[in-house]
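> need a 3D model of the sequence below.
(4 chains)
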2 protein chains.
Amino acid sequence: MTGTLAQTQRPGPSRRPTRQRKALAAVLAGTSEFRSAQELHQLLCAAGQSIGLATVYRNLQAMATEGEIDVLRVDDGEALYRACRTEEHHHHLVCRECGRTVEVEGPPAFEAWSDQVSAEHGFRDVTHTLEIFGTCSAH
Amino acid sequence: MTGTLAQTQRPGPSRRPTRQRKALAAVLAGTSEFRSAQELHQLLCAAGQSIGLATVYRNLQAMATEGEIDVLRVDDGEALYRACRTEEHHHHLVCRECGRTVEVEGPPAFEAWSDQVSAEHGFRDVTHTLEIFGTCSAH
DNA sequence: TTATGTGCAAAGGGTTTGCACTCCG
DNA sequence: CGGAGTGCAAACCCTTTGCACATAA
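Below you'll find the model as predicted:
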């Protein structure tokens, strides 16, 4: 979950609503699963869209930087992407079989606990990762 | 954090206390920082040890499988390794500057919360990742 | 027009693997 | 001796980048 701090920056690509960017956004908007860049690329191609893999990567990176999508790193080092429903800070309950994801709030007083533990050990500027992985009812 | 479920399996390498394996274990035992495989390899070489990078990877993988060390995936996809102090389940407070790490317990009733949220959405066999990243007092 | 975005293919960086050789047991 | 472990280099995979061409504004 990359910092998720960036806002209205304008580095990399994507400000211009190109055909490719819109198609990618549409696919992301239409799924509740975390998907890899390569999967998204395949989905687009399968849907008849013509788009380069590099373009998918560049747009995903830009969308992530602008906080439009969430990024998740899985065990094998692959990055998975998904459009956030809520703007606010949240966590995920992810199916390890199909990637289906539910956005959830953290446990009660989680932020407070995090701040306290960090302070106790002299750590500052803290961020955290908290995700739950399981097998959903469909599997 | 690979499943961390494996136990007394005996696939990959490392059961035999070879010179290389012992040297790697020694370095891991002597540091409280999460280190990448490449860093560990460099440390070993710098210490006058002769060891192949592949051997480092193979042993780290084996040690992780057997639960002897913790694995952490960072944002750029790199895997970091560290010898656990406690056998029990725990989380980490990691300095993003130097890798210095403190083992911490999860927030109160964290497991219960996780189980409840999972159950509510029909997920089973759940695991979770919960780590805090910050800057330690030395930086 | 013109900066921004795209495509392709090559380059990167971390990690894994095939195979012959070494060494522990 | 005999198989587990090692080293090296090639192979892999995901991701990024250089550069010429296309395109939204």
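> residue at max distance from the center of chain A?
Within chain A, the residue lying farthest from the chain centre (C-alpha atoms, centre = their mean) is A:Glu120, at 30.5 Å.
> next, give phi and psi for it.
phi -50, psi -30 (degrees, to the nearest 10).
> what helices and strands are in contact with the helix or strand where A:Ser118 lies?
In this assignment (DSSP states H and E), A:Ser118 forms part of helix A:110-120. When contacts are defined as 3 or more C-beta pairs under 8 Å, 6 or more residues apart in numbering or on different chains; DSSP states H and E, helix A:110-120 packs onto strand A:124-135, strand B:124-135. C-beta: built from backbone N, CA, C; applies to glycine.
> which one of those lies closest to B:Ala25?
B:Ala25 sits nearest to strand B:124-135 of all the helices and strands packed on helix A:110-120, at 23.4 Å, using C-beta to C-beta.
> any chance of TSV for the helices and strands packed on helix A:110-120, columns mean pLDDT, distance to A:Gly106 and mean neighbour count?
Compiled in TSV, the helices and strands packed on helix A:110-120 are given as follows (pLDDT from 0 to 100; distance: least, C-beta to C-beta, whole Å; neighbours: other C-beta atoms under 10 Å in any protein chain shown):
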stretch	mean pLDDT	distance to A:Gly106	mean neighbour count
strand A:124-135	94	6	19
strand B:124-135	94	9	19
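> so which of the ones you listed is nearest B:Leu28?
strand B:124-135 (18.4 Å).
> hmm, that closest one touching chain A?
Yes. Applying C-beta under 8 Å from any C-beta of the partner chain, one finds strand B:124-135 in contact with chain A at B:124-135.
> report pLDDT for the nearest residue to A:Pro107 once chain neighbours are set aside.
Distances taken as C-beta to C-beta, 6 or more residues apart in numbering or on different chains put B:Trp113 closest to A:Pro107, at 4.0 Å, once the chain neighbours are dropped. The score at B:Trp113 is 96. That number is its pLDDT.
> so how far is DNA strand C from B:Trp113?
B:Trp113 is 31 Å from DNA strand C, where distance means C-beta to the nearest atom of the strand, to the nearest Å.
> give me the number of neighbouring residues for that residue.
For B:Trp113, the neighbour count with other C-beta atoms under 10 Å in any protein chain shown is 20.
> what do you get for A:Pro108?
Neighbours of A:Pro108 (other C-beta under 10 Å): 12.
> go on, A:Arg82?
Residues lying near A:Arg82 (other C-beta under 10 Å) number 20.
> how about the contacts made by A:Ser50?
For A:Ser50, no contacting residues are found, by C-beta atoms under 8 Å, 6 or more residues apart in numbering or on different chains.
> doesn't it lie inside a strand?
No. Under DSSP: H, G, I helix; E, B strand; the rest coil, A:Ser50 falls outside any strand and is assigned coil.
> DNA strand D contacts on chain A?
Applying C-beta under 7 Å from any atom of the strand, we find that chain A lies next to DNA strand D at A:16-19, A:36-38, A:53-54, A:57-58, A:61, A:77-79.
> ok, the residues you listed vs chain B, which is closest?
A:Gly77 (3.9 Å; C-beta to the nearest C-beta).
> surely the closest one meets B:Gly77?
Yes. The pair A:Gly77 / B:Gly77 is scored as a contact, 3.9 Å apart, by C-beta atoms under 8 Å.
> quick check: the gap between the residue positioned nearest the centre of chain A and A:Leu60.
Chain A has A:Asp70 as the residue nearest its centroid, 1.8 Å off, counting by C-alpha atoms, centre = their mean. From A:Asp70 across to A:Leu60, the span is 11 Å (C-beta to C-beta, to the nearest Å).
> with A:Asp76 instead?
As judged by C-beta to C-beta, A:Asp76 and A:Leu60 stand 18 Å apart.
> between the two, who's got more neighbours?
Each of A:Asp76 and A:Leu60 has its neighbours counted (other C-beta under 10 Å); A:Leu60 has more, 23 against 9.
> list the contacts of the more buried one.
A:24, A:37, A:40, A:69, A:71, A:81.
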